[in-house]
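1. What follows is a predicted structure for the sequence shown.
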Protein chains: 2
Amino acid sequence: MAYNLWYWPGLQGRGEFVRLSLEAAGIEYRDCGREEGAEALIENMRSFARKPYAPPYLEIDGIAIAHVANILMYLGERHHLAPSNMADRLWLHQVELTIADMVAEVHNVHHPVGGGAYYEDQKAEAARAAKQFREERIPKFLTHFEQVANTNPGEWLIDHRWCYTDCSLFQLVEGLRYMFPNAMRNFASDYPALMRIRDQVADLPGIKTYLNSDRRVPFNQDGIFRHYPELDEE
Amino acid sequence: MAYNLWYWPGLQGRGEFVRLSLEAAGIEYRDCGREEGAEALIENMRSFARKPYAPPYLEIDGIAIAHVANILMYLGERHHLAPSNMADRLWLHQVELTIADMVAEVHNVHHPVGGGAYYEDQKAEAARAAKQFREERIPKFLTHFEQVANTNPGEWLIDHRWCYTDCSLFQLVEGLRYMFPNAMRNFASDYPALMRIRDQVADLPGIKTYLNSDRRVPFNQDGIFRHYPELDEE
């Protein structure tokens, strides 16, 4: 039976981290928000006794599993998208949670004053936030993820096969390169282990097919990773 | 054997969410950062093959389990601080992750431009961020948590006994009331179910003892919840 994935239509957003692992594994899913629209999503979200705070979520047997890292942990265990021993599972989950933290900071770059106001109303603050993000946060996070990728040199994050966190690192790298082409221009030489993971994921048959399909919505200015050239200047 | 908990000394911070569940359950732990200082923490953090991105983390058998929600999920399973069936476990973890998201936004209120600059250097931006946080984010999050608390009326979040997420909601409420005494002044009447959970946790024997001990560091301006009166004005 196909999973019901619910997320906002028209953008990659946080839902993309879930889609990539589903696509890489060839797991059937319905992208319900895209098929039925935002109103149906809001209505569905309200239908649960235990309501999710926000999309994305998987709808399974009348419950909603929300938060990217939680969804991926669930899929990882159920579909063997991650090693099954406790130390590895906890490690991958914590790396995934660090990715989620960086994604939240990425969103904050263009909405430093708050998600309730438009970027256009907080451009001055965003310029300051972007400068610090480019100069301090990107190197700090990516140096960490480079170390993470180097704990299993020449291979996937863990072991000899991909896991869901590999797919999430791919998306993080792609998003940052779209958002900050200038600040990320030396990425391949600065972070070779991360580049290796990125390339390996891009080369997975399920991912290749997905990226060439119209299911992969291009990056755009409604998503989390947004390319405002003025935020990428030195 | 006592757990080694590592977190920055001198503040509650994110470490407090872990301490509260440990204290409520009477689980022995060493608060290593407080005992040995920040330098020892940094040195310890660097000693792992799989390094945590940031404290807090539990050091167990040579591995570091980091991220509050990940640590609490681990403790919850190992010490029965949460129901053991899958639906309940995933639900509590996702509520805990929503708490973590709100805590990150709390930090962002006094550091909208970035954690690398001081509050004093971003006061104008913080004033704008605080206004939106008070008027939009607090009601949105707390309405959600009120619904969460109402899924099991008159009781704990799940079932007839406390779980780790009850303790985390307590800390979230205490922190917000410290940070925004003005904006939170009608909390008890606006969010009665959350107030019930807060009071029940405060009344747990382990928590009562802890709150009256010198192990509970008072809220202060180095933590995540900071009381800047100018950010609490209408």
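-> It's in. Numbering: from 1, shown residues only, chains lettered A, B, ... in the order given.

2. Leaving aside the residues adjacent along the chain, what's closest to residue A:165?
-> The spatially closest residue to residue A:165, leaving aside those adjacent along the chain, is residue A:92, at 4.7 Å (CB to CB, 6 or more residues apart in numbering or on different chains). The way it works is simple: take the backbone N, C-alpha and C, and place the C-beta from them, glycine included.

3. list the contacts for the one you found?
-> Residues in contact with residue A:92 (CB atoms under 8 Å, 6 or more residues apart in numbering or on different chains) are A:73, A:76, A:82-83, A:157-158, A:163-165.

4. tell me the phi and psi of it?
-> The phi/psi pair for residue A:92 (degrees, to the nearest 10) reads phi -60, psi -40.

5. Show the model's pLDDT score for it.
-> We have a pLDDT of 98 for residue A:92.

6. From chain B, how far out is it?
-> The gap separating residue A:92 from chain B is 10 Å, by CB to the nearest CB, to the nearest Å.

7. same for the helix or strand encompassing residue A:24, what does it pack against?
-> When elements are defined using DSSP states H and E, residue A:24 is found to belong to helix A:15-25. For helix A:15-25, the elements it packs on are strand A:3-6, strand A:29-31, helix A:68-79, helix A:164-179, helix A:205-211, judged by 3 or more CB pairs under 8 Å, 6 or more residues apart in numbering or on different chains; DSSP states H and E.

8. now the helix or strand bottoming out on mean pLDDT in chain A against helix B:123-132, angle please.
-> Least confident element among the helices and strands of chain A, by mean pLDDT, DSSP states H and E: helix A:123-132 (a mean of 92). Between the axis of helix A:123-132 and that of helix B:123-132 there is an angle of 110 degrees, by axes from the mean of the first three to the mean of the last three CA atoms, to 10 degrees.

9. which strands and helices sit next to helix A:123-132?
-> Using 3+ CB pairs under 8 Å, 6+ apart as the contact definition, the elements that helix A:123-132 packs against are helix A:86-110, helix B:123-132.

10. Need the pLDDT of the closest residue to residue A:183 other than its chain neighbours.
-> In this structure, residue A:183 finds its nearest non-sequential neighbour in residue A:134, 4.4 Å apart by CB to CB, 6+ apart. In the predicted model, residue A:134 carries a pLDDT score of 96.

11. does residue A:134 sit in a helix, a strand or a coil?
-> In the three-state summary, residue A:134 is assigned as helix, counting by DSSP: H, G, I helix; E, B strand; the rest coil.

12. Next one: it relative to residue A:118, how far apart?
-> 22 Å (CB to CB, to the nearest Å).

13. And these two? Which one has more around it.
-> Regarding residue A:134 and residue A:118, a neighbour count based on other CB atoms under 10 Å in any protein chain shown identifies residue A:134 as having more, with 21 against 10.

14. Who are the contact partners of the more buried one?
-> The contact partners of residue A:134, taken as CB under 8 Å, 6+ apart, are A:180, A:183, A:232.

15. Give me the distance between residue A:46 and residue A:40.
-> Counting by CB to CB, the separation of residue A:46 from residue A:40 is 11 Å.

16. show me the contacts for the residue lying closest to residue A:129 once chain neighbours are set aside.
-> Using CB to CB, 6+ apart and skipping residues adjacent in sequence, the residue nearest residue A:129 is residue A:112, 4.1 Å away. Shown here is residue A:112, whose contacts under the criterion CB under 8 Å, 6+ apart are A:122, A:125-126, A:128-129, B:108, B:112-113, B:125, B:129.

17. Please report how far residue A:112 lies from residue A:121.
-> Distance, residue A:112 to residue A:121, using CB to CB: 11 Å.

18. Ok, residue A:110 next?
-> Distance of residue A:110 to residue A:121, given as CB to CB: 11 Å.

19. Between these two, which is the more surrounded one?
-> When neighbours are counted by other CB under 10 Å, residue A:110 comes out ahead of the other of residue A:110 and residue A:121, with 23 against 14.

20. and the residue nearest to that one when sequence neighbours are not counted, how many neighbours?
-> In space, and not counting its chain neighbours, residue A:110 is closest to residue A:119: 4.8 Å by CB to CB, 6+ apart. Residues near residue A:119, counting by other CB under 10 Å, number 17.

21. Surely residue A:119 and residue A:126 touch.
-> Yes: taking CB atoms under 8 Å as the definition, residue A:119 is a contact partner of residue A:126 at 6.4 Å.

22. Need the overlap of contacts for these two.
-> Common contacts of residue A:119 and residue A:126 (CB under 8 Å, 6+ apart): A:110-111, A:228.

23. so what's residue A:119 up against?
-> Applying CB under 8 Å, 6+ apart, the residues near residue A:119 are A:110-111, A:126, A:226, A:228.

24. now do 10 Å
-> Contact criterion CB atoms under 10 Å, 6 or more residues apart in numbering or on different chains gives A:109-113, A:125-126, A:221, A:226, A:228, A:231 as the residues in contact with residue A:119.

25. Got the phi and psi for the closest residue to residue A:1 other than its chain neighbours?
-> Nearest residue to residue A:1 in three dimensions, chain neighbours excluded: residue A:28, at 7.8 Å (CB to CB, 6+ apart). When read as degrees, to the nearest 10, the backbone of residue A:28 gives phi -70, psi 140.

26. Okay, now the unreliable bits of chain A?
-> Judged by pLDDT under 70, chain A has no weakly predicted residues.

27. which SSE is residue A:64 in?
-> For residue A:64, the secondary-structure element it belongs to, assigned by DSSP H and E, is strand A:63-66.

28. Now do that strand: which elements does it pack against?
-> Here strand A:63-66 is seen to pack against strand A:3-6, helix A:38-46, strand A:57-60, helix A:68-79, helix B:86-110 when contacts are counted using 3 or more CB pairs under 10 Å, 6 or more residues apart in numbering or on different chains; DSSP states H and E.

29. So which of these is nearest residue B:63?
-> helix A:68-79 (17.1 Å; CB to CB).
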